[in-house]
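[1] fold the following for me, if possible:
(4 chains, ligands or ions: 4)
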There are 4 protein chains.
Amino acid sequence: AVMASGDPAHLVRAGLLDRFHRLRMRSTALTSRLSDEDMGAQTMEDVSPSKWHLAHTSWFWETFLLEPYLPGYEVFDPRFGFLFNSYYEALGERQPRAARGHITRPGIAHVMAYRAHVDGAMERLLETCGEADLERIAALIETGIAHEEQHQELILTDIKHVLSVNPFAQAYSEVLPPPAQPGPAAGWIEHAGGLEDFGAEANGFVFDNEGPRHKAWLAPFALSTHCVTNGEYARFIAEGGYETASLWLSDGWARVQAEGRKAPHYWRGAPGEWREFTLHGEQEMDLSAPVSHLDYFEASAFAEWTGYRLPEEREWELAARQFNAGSARPMTPDGWLHPASADQANLFGGVWQWTRSAYAPYPGYRAQSGALGEYNGKFMCGQFVLKGGSALTPPGHIRASYRNFFPPQAQWQMTGLRLAKDI
Amino acid sequence: AVMASGDPAHLVRAGLLDRFHRLRMRSTALTSRLSDEDMGAQTMEDVSPSKWHLAHTSWFWETFLLEPYLPGYEVFDPRFGFLFNSYYEALGERQPRAARGHITRPGIAHVMAYRAHVDGAMERLLETCGEADLERIAALIETGIAHEEQHQELILTDIKHVLSVNPFAQAYSEVLPPPAQPGPAAGWIEHAGGLEDFGAEANGFVFDNEGPRHKAWLAPFALSTHCVTNGEYARFIAEGGYETASLWLSDGWARVQAEGRKAPHYWRGAPGEWREFTLHGEQEMDLSAPVSHLDYFEASAFAEWTGYRLPEEREWELAARQFNAGSARPMTPDGWLHPASADQANLFGGVWQWTRSAYAPYPGYRAQSGALGEYNGKFMCGQFVLKGGSALTPPGHIRASYRNFFPPQAQWQMTGLRLAKDI
Amino acid sequence: AVMASGDPAHLVRAGLLDRFHRLRMRSTALTSRLSDEDMGAQTMEDVSPSKWHLAHTSWFWETFLLEPYLPGYEVFDPRFGFLFNSYYEALGERQPRAARGHITRPGIAHVMAYRAHVDGAMERLLETCGEADLERIAALIETGIAHEEQHQELILTDIKHVLSVNPFAQAYSEVLPPPAQPGPAAGWIEHAGGLEDFGAEANGFVFDNEGPRHKAWLAPFALSTHCVTNGEYARFIAEGGYETASLWLSDGWARVQAEGRKAPHYWRGAPGEWREFTLHGEQEMDLSAPVSHLDYFEASAFAEWTGYRLPEEREWELAARQFNAGSARPMTPDGWLHPASADQANLFGGVWQWTRSAYAPYPGYRAQSGALGEYNGKFMCGQFVLKGGSALTPPGHIRASYRNFFPPQAQWQMTGLRLAKDI
Amino acid sequence: AVMASGDPAHLVRAGLLDRFHRLRMRSTALTSRLSDEDMGAQTMEDVSPSKWHLAHTSWFWETFLLEPYLPGYEVFDPRFGFLFNSYYEALGERQPRAARGHITRPGIAHVMAYRAHVDGAMERLLETCGEADLERIAALIETGIAHEEQHQELILTDIKHVLSVNPFAQAYSEVLPPPAQPGPAAGWIEHAGGLEDFGAEANGFVFDNEGPRHKAWLAPFALSTHCVTNGEYARFIAEGGYETASLWLSDGWARVQAEGRKAPHYWRGAPGEWREFTLHGEQEMDLSAPVSHLDYFEASAFAEWTGYRLPEEREWELAARQFNAGSARPMTPDGWLHPASADQANLFGGVWQWTRSAYAPYPGYRAQSGALGEYNGKFMCGQFVLKGGSALTPPGHIRASYRNFFPPQAQWQMTGLRLAKDI
Ligand SMILES: [Fe+3]
Ligand SMILES: [Fe+3]
Ligand SMILES: [Fe+3]
Ligand SMILES: [Fe+3]
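    Numbers count the residues shown, from 1 in each chain, chains lettered A, B, ... in the order given. Ligands and ions are numbered 1, 2, ... in the order given. Sure, this is the predicted structure:
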């Protein structure tokens, strides 16, 4: 598929190398404002330290590209495999997830040296690999790029949590919030449904869980043109959303009661004067921006309260085909790293949008064999699909067929919702 | 719908009363061999004491039929609402689920008096209610019957656990096992798929989650004619199924390791000489009977090992339309309460069969309002659909559109699997 | 020692048999008002079901008397050893403590048959054992009597918890409370201290932990003539005791905050209108009766609040020598089973009194070898000594040298305090 | 007392300042080999990050000396009080103990600036405080010095745990182990006991829990001349110590079974080839050095196995009076930070020695009022006294009356034992 472009091999090599370099620079740029201590802390089990992300992504290149394809490659340090393997059973024992914050050594400088070692070797690989291997290598590089892009978003969501529990509550970066710009009222994108094809088409890189392409029937539906806003969610709270059991899934209501929840995770203050913890410190809340950091239960209860519902993942995909994923406000390390009014009407930006579709295999899906087969398939239980992309998603990473997934309790990700209804 | 039969009202009343009486007698018959102590114990949080089931089902009639429809009805004891409400938030505070075994009072005799009180009042209700109410009341009675039938199956699965943790390991009843009868080898029921209608049709009682009737597209598939047997599952164990991470979902593998699991929950002994705890005590294993008490992870790993897969719930439903739910071996309190060789090829008997479909609303589903709206809808998160029925399911309770559901960890239910494949 | 009485052997036999019979009858009398279900429930890990106590005490006679000393004795059921061994490692595996409520079988009737079997065999043992063994057997019978008496008190404290969590809140027995009788104000029992002998003297049965007799030096001290009353403790609450960190041990304050504690465990209502759950149901509080069901942290905080302190165990023992343990209001199954005003000034009745002495071996103490060596010694870590006795302690069970012990969190026992001070 | 020296005030000021400076330099010297990441990690709840220790000790000076006594003193940062208050309820809310590793900000440089700020202010305080205040200030400075010395030992024990969980297992420092030097066989220090005075005498600084001076009677006893060695403990293991229930306290045996314990916490390898994790990396075990990192249960089981026992704290104190605390091998940041053969016969060096005395108030003890009253008194529950000192204890910190205390589970401290017996 990669070679299908018809580009001569040397252009393919150069193009990949260029993208690889820009990718790797963005990862380190994302941590450039952080202290060594910020980069080592793990403030809850879901959170990984930034340093771990920098090392793990390098281990991924080393394991899936350099070891199998670069003749004579010497692993940087054989002990890193234990520390920086995330979850690949096929690759052996590893550091317990909850103890990633215990890895004080290797230190940051050591990890940076690891990155440089890997970068140099990747350069050699791309320059020297034979024509015969190039297609396979290029495909793996696409996977590696997509993988490191996912971790770039995680670097941001994870460091946000790390900073949030610190009473100093300093900002990841000092950027002025864009002005709140309430747009036109939300409307509905209507679709007649019917028998349609879903899942990724065979051009360009996609994750295995986005396919195979398959038929499915949808009844007529409408999807909101807008994400639900902070202002709308504040109204849900003000009108007793968190006190009304009938709106909630059973597990969600249990959580509300056990944890005394009254608002989304990063909301601070109180009704009427809500503020919000962001990567730019605590900020006044932009009531016209998409609400974020909802868990699935909150998204579901809000939808119930409106009388509408969460979309199916295929409804979202169908509606999104008319939109351009590239139109989303691009994430940059120096930019405003939070949903803004301007993102509200864009399907692809602002927040990941919970669907009511459980994360499950598409018809005909089989995980590939080998360690990379563990990338997606073994998580198809107990999670929900999210569509779109967020203010923290690297540019170029998203598309209509993309299936993000998290368990319903997840709230440290930039997750919101968009309503749907039957028509 | 009920009245659609065209029967005159007095026949409708008589028919319902007759079914009600037989239902209620079966519930008490199911506990007639148990001591008061057996009936009060709760040996894990999922398990409810038999006494609790007897009382809760009575509370259901009282709450949803007698209080609203029988003029002058006096609640048996207002404190019972707290103790025997299972999960209806709309009906107020209740006994914590994990503390159902703490309810030493009311005692059994007291609960039996409660049942008699409710039975008498139900008789009066059916005899005296006006024509205008009869249709609504008849529909609620159908719900109440289905509800108590579900609890009859739970009485058996729960008392099985209670008996199983007792070193005396006595039998619920002394019934001789049917002879093992290995049948013909399993084959495939093939189906071309296509655009079909799913969900319950509008005749006879169904639960709300079985509808609405809706279209869906299925690719061609085949469903095994047989449930997976103990013998087949024993081979999976012998060939290292519990030691092979790549077969398991991530959460399943974590469970295998954390709990040191090596076989299904009620298996005893060791490879080559497996025995099984049943309601009739520990028994030699019938290798040709359906394997039971698998959690979802075990079912999924077994399917992966074969190279086939778990079915979608709609595949199962489609295949089942050609079969007669009434052909299942009927559960009776005096019978053999365990899957037998004879059940293996029957879609509707033996074991509930895990599908890979997450329990989710059908297109267009909305829970009804009021307390009964909590019956099914609020659990649509984190569970999987099971189809079929089991050796413990009351006769007449099952049908092709029936959607049973349990979380993936559940293993105290009579759960097994039937393989599927793409064709 | 037993034989030291000089009584002829047949009188010794008859005397022991008589005491044995009265002991055994009181145990069953204590459960005569309970249903089978009451007797099977375990409402928290510390609580054992009444049925378990009845069986365990029988197992104790069987294990330590009948098996070793009655020729040809046949164990009632070899499986009972697993179920009813409490904590004797030397005697093998046993039912997990938290699962004592799962033992639905053997049922009550079966356990009663066990008791009758053991009673008969004990009779034979006492009638037939040789002169040579009689002294050793008599000593073991004293231990067995003291052991079953301890379990009689536990039957009451445990069933109190079982009844307390039941919303029916029925009474163990319907006895009218004695009239509140505020006595004269509390005074001080002064003692000059000095070098004294402590621990049990060698006449009559004592537990091994009450010895050896040893010297210790005490500074001058005074012990209150009265137990702290409900009224005094209510004042502590009213004046902010539960909100004042500086009064509490660190672990105690952590508990107050984690559990939101505001009053002793069985107190109900609110300041000014306190009521109390008792074995005779919820009752108006007798402000002049000893406060009960305090944990060590509450006792310690109260003492700190007064400016006095908890006594040392030896201070208590020294002061108690002038008093007659037999003067305590006797516990009877039909009596008032709760501290009363009348108990307040009696060192030996009403409530067990927390001392600030950790439960530790006396100088020269060594546990005996064999299973009985596990009776006391292995618990000498993390517990505090309590002195006195309670309204639930069987008559004749207590003495000045008696050392009861519980961990500081224990609050389901009838535990209160008596103040001390340096002089 | 301080002034009792008769030194003129300017000499007192100079002497205190000199000790203060040397103390503060040693604290930072102890962390000079650590990376910022090493200094921020918390690898279990008991462990505090080195950075936290450096900041907390500064907060102590600020809170107890500078704020009350230095006119015009400006608190370095008012938010530090929340982060670096350890457990003083009187001083308000604070960072949860388990979340000390989440404090990525302030960073190390910021904490070093805090230290410099405090050091400068302490200098001004000592130079400028009036004669009238000097005695009180000098006494508080003694407390502050002793406090920071305690934290110096904790810096080492805590960083040892941090390094130990890292697969890189690097050394805190690269120091060659002293040669193993088996000395003469252990003998007994005999003492006739009797009525003696215990607790600190009134010259020089002591903690409040070391007094008041009081009389107590001891029976004749003997204390071993030697700490138990690694070799002796290895024999205990080899002869089945960890498999013999009868040797263990009940809670200890439960721990052995629940955690599958087979050897002390930092032992690695297997019988016959034991190695040990030390601050100098994993080392061959010196069989003649004192065994360390035992929990109380291990110490108690070992003593039981020998037929001897753990000493009472007063036995240890009495025996120690003939020895010179100053003779212990001094801890220096550059030295061998582990027990050595040479420490074995020194009562004051090598390892803290568990006694069987629960940590309780001495007769007449009352905690002082105010926040400093929380230093020792509120922990007098559930802990045991340890005597001696360890290879990690700062020079000059120990004395015969010193009472260290830890809960029986503690094993990350440098804790061992010395046997005692009755004579
Ligand atoms: Fe990854
Ligand atoms: Fe129900
Ligand atoms: Fe006992
Ligand atoms: Fe401190």
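[2] hey, let's count contacts and neighbours off CA atoms from now on
    Will do.
[3] in the stretch 151-300 of chain A, which spans are helices?
    For the stretch 151-300 of chain A, applying DSSP state H, counting those that start in this stretch gives helices covering A:230-238, A:250-259, A:296-306.
[4] so the shortest one versus helix A:296-306, what angle?
    Going back to what we said before, that points to helix A:230-238. Interaxial angle, helix A:230-238 versus helix A:296-306 (axes from the mean of the first three to the mean of the last three C-alpha atoms, to 10 degrees): 80 degrees.
[5] tell me which of the helices of the stretch 151-300 of chain A sits nearest to A:Arg33.
    helix A:230-238 (28.6 Å; C-alpha to C-alpha).
[6] need the three-state assignment for the residue of the stretch 51-200 of chain A found nearest chain D.
    Residue of the stretch 51-200 of chain A nearest chain D, by C-alpha to the nearest C-alpha: A:Thr104 (5.1 Å). Put simply, A:Thr104 is coil when judged by DSSP: H, G, I helix; E, B strand; the rest coil.
[7] how near is it to chain C?
    Counting by C-alpha to the nearest C-alpha, to the nearest Å, the gap from A:Thr104 to chain C is 31 Å.
[8] show me which residues of chain A sit near chain D.
    Residues of chain A lying near chain D by C-alpha under 8 Å from any C-alpha of the partner chain: A:35-38, A:40-43, A:79, A:99, A:101-107, A:162, A:165-168.
[9] list phi and psi for A:Lys387.
    A:Lys387 has phi and psi values of phi -120, psi 160 when expressed as degrees, to the nearest 10.
[10] do you know how far the residue lying closest to A:Leu247 once chain neighbours are set aside is from A:Val256?
    Leaving out its chain neighbours, the residue that sits closest to A:Leu247 by C-alpha to C-alpha, 6 or more residues apart in numbering or on different chains is A:Ala301, at 4.9 Å. Applying C-alpha to C-alpha, to the nearest Å, the value for A:Ala301 to A:Val256 is 11 Å.
[11] ok, A:Leu66 next?
    Distance from A:Leu66 to A:Val256, counting by C-alpha to C-alpha: 47 Å.
[12] so who does the residue lying closest to A:Val206 once chain neighbours are set aside touch?
    Nearest residue to A:Val206 in three dimensions, chain neighbours excluded: A:Ala200, at 7.0 Å (C-alpha to C-alpha, 6+ apart). Counting by C-alpha atoms under 8 Å, 6 or more residues apart in numbering or on different chains, A:Ala200 touches A:206, A:210-213, A:401.
[13] spell out which parts of chain A neighbour chain C.
    Checking chain A against chain C by C-alpha under 8 Å from any C-alpha, there are no hits.
[14] tell me the residues of chain A that contact chain B?
    Within reach of chain B by C-alpha under 8 Å from any C-alpha, chain A has these residues: A:89-90, A:195, A:215-219, A:245-246, A:248-251, A:356-358, A:360, A:363-364, A:374, A:377-383, A:422.
[15] mind checking which of these are in strands?
    Of the positions in the residues of chain A next to chain B, A:195, A:215-218, A:356-358, A:422 sit in strands, assigned by DSSP state E.
[16] thank you kindly, that will do.
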